[in-house]
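*Asks:* just to be clear, the model below is a prediction. Sequence and coordinates:
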Amino acid sequence: MTDTTIADTTQEVTDATQEAVKQVNQLTQYVQDSIPGLITFGLKVLAALVAFFIGRLDPEDRQTFL
């Protein structure tokens, strides 16, 4: 191999690695930005399920929980 070929190969590997790191960073930032929304959504679903199951109880059983 010549020095030019080694230099070209090294530059290509460096460029590919930098692009991969950039894509991983973008994905990480997207996930970090989405976490608060996902937590809020999960809490709303949990509250809805609790309300649904309490609503299905007999009125006598409901007094125990409330």
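*Replies:* Noted; the coordinates are in hand. None of the values given here were measured: they were computed from a predicted structure.

*Asks:* for residue 57, which three-state class applies?
*Replies:* Per DSSP: H, G, I helix; E, B strand; the rest coil, the local secondary structure of residue 57 is coil.

*Asks:* how close does it sit to residue 45?
*Replies:* Relative to residue 45, residue 57 is positioned 20 Å away (C-beta to C-beta, to the nearest Å). Bear in mind the C-beta positions are built from the backbone N, C-alpha and C, glycine included.

*Asks:* between those two, which is the more surrounded one?
*Replies:* Neighbours per residue, other C-beta atoms under 10 Å: of residue 57 and residue 45, the larger number sits with residue 57, 13 against 10.

*Asks:* and the helices in this protein, which stretches?
*Replies:* Using DSSP state H, the helices of the chain run over residues 3-55, 59-65.

*Asks:* lowest mean pLDDT across those, which one is that?
*Replies:* Of all these, helix 59-65 carries the lowest average pLDDT, namely a mean of 69.

*Asks:* so what's residue 66 scoring on pLDDT?
*Replies:* 61.

*Asks:* try residue 1
*Replies:* On the pLDDT scale, residue 1 gets 52.

*Asks:* closest to the centroid, which residue in this structure?
*Replies:* residue 31 (4.0 Å; C-alpha atoms, centre = their mean).

*Asks:* against residue 50, how distant is that residue?
*Replies:* 27 Å.

*Asks:* for residue 39, same thing?
*Replies:* Taking C-beta to C-beta, one finds residue 39 at 16 Å from residue 50.

*Asks:* for residue 24, same thing?
*Replies:* 38 Å.
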